[in-house]
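*Asks:* requesting a structural model of the entry that follows:
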Amino acid sequence: MKGTIIRVIAAGAALSMILAPSVSRVYAGRAAGEPYKLEKGLDPENSKIKPILSLSQIELPLNKAKEEPEQNIELTVVGAEGKYASTGIHVKFDDRLEILDDEGDYATRGPALKRIGMIETSADWLDENNVPHGVFVMTGASSNKGRDGVMWTFQVRLPEDVHEGDVYPIEIYYQKGENTSDLFTNIVQDKEGRLMEAWVFTHGIEQGYIKITKEEPTTVPEPVIKLKKGDPNGDGIIDAVDASYMMANYAKISTGSYEPNIDEIITCDVNDDGMMDAVDASVVLAYYAYVSSGGKDEFEDFIESKM
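*Replies:* Numbering: from 1, shown residues only. I've put the predicted structure just below:
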């Protein structure tokens with residue numbers, strides 16, 4: 001899958017220590033869609049396992065959105081290591097996003113589901129043109145092999161007419177039918193598993209989005225190089241090599257065969273008399289001899305003391 005995710009926030013306090021903060025933040029709450037119907041006598045607050053399911057929150061500069069319209073959206077879980085097996089989750093995407101599929105697979109299994117034996121993905125929320133605007137993902141296993149981390153990765157394409165300030169919501173959307181319902185529970189679906197599921201869909205959802213931000217500069221400024229008087233070859237050492245360079249240029253300038261550039265004038269006119277000549281080269285040679293015999297003054301101080 002392609003795409004550069006800019007400033008992604010994967011959810012959960014357990015991950016917040018290792019992920020960069022974002023300007024905006026969506027805190028955990030209930031899933032979108034119909035309210036989760038709590039089983040009588042089960043209070044999600046009493047759950048010992050309180051996972052957080054989150055979707056990527058992406059802030060993407062406008063120029064990046066145009067250059068790389070295909071973006072990866074991750075569905076992540078924290079706080080449920082080794083506690084879940086059976087899951088069924090609906091993810092609804094903004095209608096302007098195109099959900100990309102790989103030969104009918106609308107999501108890719110992540111490392112959190114590595115030990116899960118059964119997975120399935122299918123398109124959902126089909127419009128009149130049979131274009132999906134959501135995905136249903138499910139898992140099943142013979143034991144609680146689900147881990148923390150990325151469960152699923154979806155790939156979407158932004159529209160061509162993106163604008164600064166556009167926000168594309170991506171939501172975990174709870175659904176319950178007559179005979180089926182979304183799940184996040186353990187293999188036996190016991191009280192612990194049902195409490196965990198109730199917590200997830202009523203308290204443990206961090207919704208996602210792609211937000212288009214201000215365009216970033218694409219040009220890299222040229223590095224500023226500080227020119228040093230007496231060092232026209234720029235090697236950081238003022239010595240006889242620099243003096244020879246200055247004498248050679250002085251000879252060419254004197255015959256009218258060479259026009260010095262501004263950098264050469266700055267570095268070669270060490271006595272600031274407006275000329276590049278043998279006097280400047282002589283000063284450089286004198287400083288070289290001074291340093292070679294143990295002198296400690298900087299070149300500028302040496303010039304000031306001699307001029």
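
*Asks:* could you report the neighbour count for Tyr258?
*Replies:* Using other CB atoms under 10 Å, Tyr258 has 15 neighbouring residues. All C-beta atoms are positioned from the backbone trio N, CA, C, and that covers glycine.

*Asks:* would you mind measuring from the residue of the chain most remote from its centre to Ala248?
*Replies:* Farthest-out residue of the chain from its mean C-alpha position, per CA atoms, centre = their mean: Thr255, at 58.1 Å. Distance, Thr255 to Ala248, by CB to CB, to the nearest Å: 12 Å.

*Asks:* now do the residue farthest from the centre of the chain against Asn249, distance only.
*Replies:* 11 Å.

*Asks:* surely Tyr168 and Val162 touch.
*Replies:* No: the criterion here is CB atoms under 8 Å, and Tyr168 misses it with Val162 at 9.0 Å.

*Asks:* higher neighbour count, those two?
*Replies:* Neighbours of Tyr168 and Val162, each counted by other CB under 10 Å, are more numerous for Tyr168; the result is 22 against 17.

*Asks:* pull the contacting residues for that one.
*Replies:* By CB atoms under 8 Å, 6 or more residues apart in numbering, the contact set of Tyr168 is 93-94, 96-97, 158, 209-211.

*Asks:* so which of those is the most crowded?
*Replies:* Neighbour max across the contacts of Tyr168 (other CB under 10 Å) = Ile210, 27 neighbours.

*Asks:* which pLDDT value does the model give the residue farthest from the centre of the chain?
*Replies:* Looking at Thr255, its pLDDT reads 86.

*Asks:* repeat that for Ile266.
*Replies:* 86.

*Asks:* nearest residue to it in space, please, no chain neighbours.
*Replies:* Leu227 (4.9 Å; CB to CB, 6 or more residues apart in numbering).

*Asks:* for that neighbour, grab phi and psi.
*Replies:* Main-chain dihedrals, Leu227, degrees, to the nearest 10: phi -80, psi 140.

*Asks:* can I assume it is in contact with Ile265?
*Replies:* No: Leu227 is beyond contact range of Ile265, at 9.8 Å (criterion: CB under 8 Å).

*Asks:* quick one on the thing from earlier: number of nearby residues for the residue nearest to Ile266?
*Replies:* By the criterion of other CB under 10 Å, Leu227 has 13 neighbours.

*Asks:* OK, contacts around it?
*Replies:* 234, 263, 266-267.

*Asks:* could you list the low-confidence segments of the chain?
*Replies:* 1-27, 218, 220-225, 307 (pLDDT under 70).

*Asks:* please redo it, this time with the cut-off set to 50
*Replies:* For the chain, the stretches with pLDDT under 50 are 1-26.

*Asks:* hey, where'd the strands end up in it?
*Replies:* 32-33, 52-55, 57-61, 70-78, 86-93, 98-100, 108-109, 118-126, 132-140, 149-157, 167-174, 183-185, 205-206, 208-213 (DSSP state E).

*Asks:* could you dump those strands to a markdown table with distance to Trp199?
*Replies:* What follows is those, written out as a markdown table (distance: least, CB to CB, whole Å):
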| stretch | distance to Trp199 |
| --- | --- |
| strand 32-33 | 17 |
| strand 52-55 | 9 |
| strand 57-61 | 21 |
| strand 70-78 | 12 |
| strand 86-93 | 14 |
| strand 98-100 | 28 |
| strand 108-109 | 24 |
| strand 118-126 | 23 |
| strand 132-140 | 18 |
| strand 149-157 | 17 |
| strand 167-174 | 13 |
| strand 183-185 | 9 |
| strand 205-206 | 10 |
| strand 208-213 | 20 |
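
*Asks:* much appreciated, bye for now.
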